[in-house]
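Visitor: Got a predicted structure plus its sequence, pasted below:
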Amino acid sequence: MSAAGSKAEADVQIEQLRRERGCEQENQSAVVRSSLNSALEIISDELYQNPSHFLLELIQNADDNQFSPGVTPSLSLTLSSGPGFYHLRTDCNEVGFTFDDINAITQVRQSTKKKATDGQRGYIGEKGIGFKSVFKVADTVNIASGHYDFKFDRKRELGMILPIPSTFPTRQRLLGHTQFLLQLSSQDDYKKIQHDLHNMEPQLLIFLRNIQRLEVQTDHARKTYRVRSDTSVAALGEIVKISLDHQDERVSDEMRYTIVRHEARGMPADTRREGVVASEVVLAFPIEDAKPKISPQKAFAFLPIDDFGFKFLIHADFLLVASREGLDYGRPWNLALRNALQAAFLAAVKRFATAPADGPGRGLRYMWPKYIKHHRHAHNFWNHLHANIVSDLRTQRILESHNSATGHRKPFKLRYLPPKFRFGENPLFDCPSLMKAYLSFEYDHVHEELRLLGVERTSLADLGTDFVKWVLEVGRSGLGAKSSEWHCQVASIFHEQRDLRSHLVELPIIPLRDGSWVSAKQGHLYMASITDDEYVPKGINLSVVDKIASQDPARRRFYEWLGVQPYTCSQVCRLILELHSGNAASIQGRHRLDLLMDTTYLFLNSSHLDTDEAPEIYFLVNNQGTSSRRKSQIYLDDRNAKPALIGKYKDNPGSPFHVLDDFYENMIGADNSSLRVKFRAWLLRSKHISRVPVLIRGQQLTPEWQFLRSVSVLDLLLVVERVWEKATADRLFDLTNSELLREVPKLQIQCRDGKLRRLSETAIPTRELLQACPHLPFAALPNPERWTFLDTFGILVRPSTAARLQELDALSNLAIELVDKDVVHETYRGLNQYRDSEAAIIAQVPRDPALFPRR
């Protein structure tokens, strides 16, 4: 029946309803009336756990109505109070009730809104009992729509289903609106409704068919919710915007959702969905700045049902229990809708995943996994939905690798690479085969969510395998192309990872100073010295790690952990000595500079040698203009030497002096006289290097002895003097057993009388000896007093018994008239002083005339 065309017609229709309900029939059973009334009481009081749930039913009723073209479908909820009253009024700008609408709300399970249109259902109302929930908080409800004016009064018999003609309060009336005025039962109900209105969930507007504007007004605030759709951004699809205006505070908020719709076809038959074979499900994903905004979201069946643990809004035409506070879970209809929701989510993900990376859809393209979070619910209906969604996504090509050119890949084929395993904007190991195995870094904010889909986190063991693969793929050239910072990071990551060591030692990841790369198993592999005086002698088959790599603390620790030995000064010294341990031919290929470097290194690091003297190594020497290499019998040309004979004779024909090349001293300490002095001292501590001629080697006279004896006995005696001084001071050897004791006296020396005599046949013309024994054959030596050391070799240097006896012998050979008797007497007196030499005197007298005849 259509709507009433006048007030009178409306009143007639109301009276007709009352008669049909039996209001005027006297014969209606009192028992039946009582039972029906009790049933209504139960429905109104116990239908919903939450007394304020009726608000949603009122919104449902408003949305199911018809609206004129060009009108923005709106609903206003106004809560007010005053002395002795608490009111809730609803105002909806629909076209107005028809008689059928009024008939529906006066019956139970007689809704006009459950029939299908073209096999699809488009209304919320179903049971015809939802409206009765208003009586949980109100005793009287006034209704005005079009020409209809009536009320329900719970306190009257069948007052919840029998409309009573009543004029709507004039002050509350808005023409052109359908209005409900609830006279609330108590202040407690008022406060509860006030609380629920304040916490109204505007998301319900998304799933309403008609209402686009919802206004909520209380004594304390006024809010207006508006919903509108926007499809201007293709990458985002359909966007629903819900705006909230706080008129009193002049504040405006906005919520945005991207909408995905999916039609479920072939729906199972159900008596509550007669003729419906297709049903649309809707998912609404909350976004902010085109990125997911994560918070708990509810499921809807046009109106909110509950929060089932999802991060997106779910809407479907679920079959609910009478209270609308839960699903009728066992229904095949609901199971079919669950499958449709699963398909809708997959469709949403595919849309998000293919959104342009450089446009407004970028946030959803890489952040959509935020939506797969879920908190388990008590009912497995919802847990199974989540599990099925995850299972679906695991098999789909929905994620990008770090190499976007390879297209989308299945989640289980990708691994998340933690930031510590990256270098800058790229994976640490960036060969093509690995780039497509690593999850794009764009998903960094959702990697935990992606674990649900099978995206594993790269472990150290995984990274070790990746490293091996990378090295094999890029080779040594790839290693060489990486920066020092990259190598430092790799070293820091793998250092002390014992489980990976056996693989790491096999990889050619250690750079040498010649530019090549070797593994830690390379023989004779050493770290470069940390100091700047590192020296690696040529001719040794060893490998030294690149200096820059060695100076990096992280890389050095890593290489040493792999087994690379540090290249220490002691080790270098040993290697140099090993090089020089052979004959001269073994170092023939080494250049002058190499030998200089060997010597320099040993000198500067002499503290690492077993001795403080120059070791026995090959030196460059010169002899009469010819250069050679030798370990021993080496001389320094030192002007300060005593005697300084090397420079004097080094170029003489037949010179035995192999003099250290000036190259050494010109290079070592060239600008540092103190260092040069130390270098000479270091050399001279060696028994193989000297600055004065060596006369005895191995208890044999040397060529130096022979040479000096032939060119200058005086210079030879100067050397003998030096030997005597050292022997006396240092006690280096015992002269009593020396060949010198036998050979020095045999030296031929010029005497003062011009004759050549053996040194043993001469005396040294000291002042004392000249005075006591003037007739002895004195050697022609300058500065006679310095030669007194020759008494060690049996040479007369003072008026001893032997000297006086030789003096007597010399006197006996003179003509008697030339002999000075005073000299004779003095000689005798001298002999008499040495009583301990009496035996020598007695032995001498019988052979030689020692008595001077009296004249």
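Guide: Thanks, I have the structure now.

Visitor: where does this structure have low pLDDT?
Guide: Scanning the chain for pLDDT under 70 picks out 1, 22-52, 108-130, 248-251, 324, 531-534, 731-737, 834-855.

Visitor: let's see 50
Guide: Low-confidence segments of the chain (pLDDT under 50): 27, 31-32, 35, 46, 48, 112-115, 122-127, 846, 855.

Visitor: Domains in it, by residue range?
Guide: 7-199, 227-396 (automatic domain parsing).

Visitor: Which one of those lies nearest to residue 538?
Guide: Judged by Cβ to Cβ, the one of these that comes nearest to residue 538 is domain 227-396, at 57.2 Å. (Glycine included, C-beta is placed from N, CA and C.)

Visitor: how about JSON lines for the domains of the chain, with mean neighbour count and distance to residue 496 added?
Guide: Listed next are the domains of the chain as JSON lines, based on neighbours: other Cβ atoms under 10 Å; distance: least, Cβ to Cβ, whole Å:
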{"stretch": "domain 7-199", "mean neighbour count": "17", "distance to residue 496": "56"}
{"stretch": "domain 227-396", "mean neighbour count": "18", "distance to residue 496": "34"}
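
Visitor: Just put these in TSV and tack on distance to residue 518.
Guide: Shown next, in TSV, are these (distance: least, Cβ to Cβ, whole Å):
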stretch	distance to residue 518
domain 7-199	71
domain 227-396	42
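
Visitor: Of these, which is nearest residue 705?
Guide: domain 227-396 (94.1 Å).

Visitor: okay, how far is it across the closest one, tip to tip?
Guide: 34 Å (Cα to Cα, to the nearest Å).

Visitor: hang on, the earlier thing: of all the domains of the chain, which lies closest to residue 439?
Guide: Here domain 227-396 is closest among these (Cβ to Cβ), at 10.4 Å.

Visitor: Which SSE is immediately downstream of the top strand by length along the chain?
Guide: Counting by DSSP state E, the longest strand found in the chain is strand 251-265. Downstream of strand 251-265, the first helix or strand assigned by DSSP states H and E is strand 278-288.

Visitor: Does that following strand pack against any helices or strands, and if so which?
Guide: Judged by 3 or more Cβ pairs under 8 Å, 6 or more residues apart in numbering; DSSP states H and E, the packing partners of strand 278-288 are helix 204-207, strand 251-265, strand 313-315, helix 332-353, helix 362-367.

Visitor: How about the residue lying closest to residue 462 once chain neighbours are set aside: which residues does it bridge to?
Guide: Nearest residue to residue 462, sequence neighbours excluded (Cβ to Cβ, 6 or more residues apart in numbering): residue 415, at 6.6 Å. Counting by DSSP bridges, residue 415 forms beta bridges with residue 438, residue 456.

Visitor: For residue 415, grab the count of nearby residues.
Guide: By the criterion of other Cβ atoms under 10 Å, residue 415 has 20 neighbours.

Visitor: Residue 560: what secondary structure?
Guide: helix (DSSP: H, G, I helix; E, B strand; the rest coil).

Visitor: contacting residues for the residue nearest to residue 462?
Guide: Each residue near residue 415 by Cβ atoms under 8 Å, 6 or more residues apart in numbering is listed here: 437-439, 455-458, 462.

Visitor: try residue 612
Guide: Contacts of residue 612 by Cβ under 8 Å, 6+ apart are 606, 682, 685.

Visitor: Do me a favour and get the backbone dihedrals for the residue nearest in space to the middle of the chain.
Guide: Taking Cα atoms, centre = their mean, the centroid of the chain lies closest to residue 420, which sits 3.8 Å from it. Dihedral pair for residue 420: phi -70, psi -10, per degrees, to the nearest 10.

Visitor: In a strand, residue 806, correct?
Guide: No - Residue 806: not assigned to a strand; according to three-state DSSP it is helix.

Visitor: contacting residues around it?
Guide: Per Cβ under 8 Å, 6+ apart, neighbours of residue 806: 763, 773, 776, 796.

Visitor: between the residues you listed, which has the most around it?
Guide: Neighbour max across those (other Cβ under 10 Å) = residue 773, 28 neighbours.

Visitor: which non-adjacent residue is nearest it?
Guide: Nearest-residue entry for residue 773: residue 807, 3.7 Å, with adjacent residues in sequence omitted and distances by Cβ to Cβ, 6+ apart.

Visitor: if I read this right, the one you found contacts residue 772, doesn't it?
Guide: Yes - Residue 807 is within contact range of residue 772, at 7.3 Å (criterion: Cβ atoms under 8 Å).

Visitor: Which of the two has more residues huddled nearby?
Guide: residue 807 (25 against 19).

Visitor: so how far is residue 775 from that one?
Guide: Applying Cβ to Cβ, to the nearest Å, the value for residue 807 to residue 775 is 6 Å.

Visitor: With residue 403 instead?
Guide: Separation of residue 403 from residue 775 (Cβ to Cβ): 114 Å.

Visitor: Likewise for residue 628?
Guide: Distance of residue 628 to residue 775, computed by Cβ to Cβ: 52 Å.
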